[in-house]
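1. sequence? don't have it. structure:
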């Protein structure tokens, strides 16, 4: 995601068909469960400062909080600063592995809408396990990002196949992250990172670093939404997604100098691959298929919330790079937009560094 900070110009900056994706329920439709009806005035905190999810009433939040207290001994919940959270995840990688987490050569493809004053971003995405060349590449991911007008303040949510972070199997894992004034907070939920993320205890199915191996090839919701006091993230299989946690806005207001980050200018959905050593990439983006392929990766029903109302995003496709100097040919990585649906990915380069690569290998 460092690439988004180095790119301020449009065009630079996760196995189901597109046709099937078009049948997914619109978040604001009567049959959808992803976005419950909005309240006229949302109360964002309880009296003790406990954050309340965007679509939950104060009474509902209090009832859940009481239930959490009653179940405390059974599910090993702890409380920090008045907010119920799950016990911290156990370390899953060594400190020496962090050197592979971020590299200097980025390529990405996706779509964006700019010029917004938005407070929410939603999509139903295909979860993928892209091939990663572990000898040269650090990760291949798919994510949504809510980005401020100056590109310095960002909320991210998605899945990543990061072999150093998740282990040798390179299985996709859910991730969340944030940027405050251009400073990255790391992969929250993983040992060694503390970007201010707060797990939401009532949701025990998915967390900030959940293994999504069982979800490969299925639709999975990623949603970012602001309340008056926090940036919340919702995630889960399409139709049964739930709030998994939030970033308090005090992370921004408490910065020096203080930052106001109540809405975002740019909505992005994209796939990204990064290498520490190789300016060409033979690993896959998405599921390795180009948009013209039979079953490419997708971000379907992309929507953003403006003035409390959800509407389909008006996305523009792009290909980009950072630290390389040239964008990959569209035969290697590419994206396409149809309405509010985005398809994309690709097999990358051949191992020789020229020509089109092979999906699933170098």
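-> Sure thing, it's come through. This one's a predicted model, so the numbers in the text were calculated from it and none came from an experiment.
2. CA only for contacts and neighbour counts going forward, please
-> OK.
3. next up, the contacts around the closest residue to residue 194 other than its chain neighbours.
-> Distances taken as Cα to Cα, 6 or more residues apart in numbering place residue 188 nearest to residue 194, at 5.9 Å, with adjacent residues excluded. Contacts for residue 188 (Cα atoms under 8 Å, 6 or more residues apart in numbering) come out as 175, 176, 177, 194, 195, 196, 197, 208, 209.
4. separation between the fifth one and residue 276?
-> By that I understand residue 195. Separation of residue 195 from residue 276 (Cα to Cα, to the nearest Å): 23 Å.
5. which one of those two has more residues nearby?
-> Just comparing residue 195 and residue 276: by other Cα atoms under 10 Å the higher neighbour count belongs to residue 195, 20 against 17.
6. pairing partners for the helix or strand where residue 157 lies, with directions?
-> In this structure, residue 157 sits in strand 154-162 according to DSSP states H and E. Sheet pairing here is set by DSSP bridges, and for strand 154-162 it gives strand 137-147 (antiparallel), strand 173-180 (antiparallel).
7. out of these, which gets nearest to residue 253?
-> When these are compared by Cα to Cα, strand 173-180 sits nearest residue 253, at 9.7 Å.
8. okay, now the sheet partners of the following helix or strand past the closest one, with direction.
-> As assigned by DSSP H and E, the chain's next helix or strand after strand 173-180 is strand 183-184. Strand 183-184 has the following strand partners under DSSP bridges: strand 173-180 (antiparallel).
9. residues contacting residue 335?
-> By Cα under 8 Å, 6+ apart, the neighbours of residue 335 are 109, 110, 111, 290, 291, 317, 318, 319, 342, 343, 344, 345.
10. now it: which helix or strand?
-> Per DSSP H and E: strand 334-338 holds residue 335.
11. residues near residue 56, how many?
-> A count of nearby residues for residue 56, using other Cα under 10 Å, gives 16.
12. which residue ranges of the stretch 51-200 of the chain form helices?
-> For the stretch 51-200 of the chain, applying DSSP state H, counting those that start in this stretch gives helices covering 58-70, 72-75, 163-166.
13. lowest average pLDDT across those?
-> Note on the helices of the stretch 51-200 of the chain: helix 72-75 shows the lowest mean pLDDT, a mean of 33.
14. ok, what's across the strand from the residue nearest the centre of the chain?
-> In the chain, the C-alpha nearest the mean C-alpha coordinate belongs to residue 157, at 1.8 Å (Cα atoms, centre = their mean). Beta bridges link residue 157 to residue 144, residue 176 when assigned by DSSP bridges.
15. tell me the contacts of it?
-> Contact partners of residue 157, counting by Cα under 8 Å, 6+ apart, are 143, 144, 145, 174, 175, 176, 177, 222, 223, 224, 233.
16. now the fourth one, nearest residue through space, not along the chain?
-> Here the nearest residue to residue 174 in space, its sequence neighbours aside, is residue 159; by Cα to Cα, 6+ apart that works out to 4.4 Å.
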